[in-house]
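What would the 3D arrangement of this be:
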Amino acid sequence: MTDLRNQRRMASSILKCGENRVWMDSDRTDEIAKAVTRGDIRVLINGGAIKSKQIQGISRGRKKFNQKQKDKGRRKGHGSRKGAKYARLPRKERWIKTIRPIRTYLRQLRDDKSIEKNVYRKYYRKAKGGEFRSKHHLRTRMTSDGFLKEDKQ
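Numbers count the residues shown, from 1 in each chain. Okay, the predicted model is just below:
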């Protein structure tokens with residue numbers, strides 16, 4: 001085994017990479033060993049006997065997989081949580097997510113003439129007061145109060 005440390009050092013300088021990234025063709029070691037000047041090394045680089053290896057990156061495979069799991073709702077247990085409950089989903093955001101569908105549904109019922117204006121106002125105020133948990137809850141209450149038929153969606 002010939003000592004190619006000097007050639008490796010010169011090649012790394014020419015290729016502008018670390019010594020560990022210098023690749024030398026094992027079939028042409030005798031030819032590389034004879035190269036003593038930087039010019040000789042340049043000739044070998046152009047000839048393909050010496051190359052620089054590609055920079056080794058960090059695989060994002062695990063990160064991508066974990067992100068897919070989080071998108072499904074996994075990996076969100078108590079041990080993974082950093083912020084406080086309302087830092088993660090503010091109260092106002094939660095309220096917006098609740099009230100908008102309810103108000104849209106009420107507006108739709110009013111415009112379709114499924115309910116009278118005074119009934120709309122009554123339920124609108126109740127919704128504003130936070131009486132309904134969801135659109136479904138509102139629908140069941142209106143049905144049980146007799147303002148809405150079962151088949152209406």
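
What ranges in the protein fall below the confidence cut-off?
By pLDDT under 70, the weakly predicted segments of the chain are 150-153.

and the residue nearest in space to the middle of it, how far is that from residue 74?
Per CA atoms, centre = their mean, the C-alpha nearest to the average position across the chain is that of residue 67, at 5.5 Å. Counting by CB to CB, to the nearest Å, the separation of residue 67 from residue 74 is 10 Å. For the C-beta atoms, the positions are set from N, CA and C on the backbone; glycine is no exception.

So what touches the helix or strand hosting the residue nearest to the centre of the chain?
Assigned by DSSP states H and E, residue 67 belongs to helix 61-72. With CB atoms under 8 Å, 6 or more residues apart in numbering as the test, helix 61-72 has contacts from 75, 76.

Disregarding residues adjacent in the polypeptide, which is nearest to the residue sitting furthest away from the middle of the chain?
Using CA atoms, centre = their mean, the residue of the chain lying farthest from its centre is residue 34. It sits 52.8 Å away. Once flanking residues are discounted, residue 34 sits nearest to residue 40: 7.5 Å by CB to CB, 6 or more residues apart in numbering.
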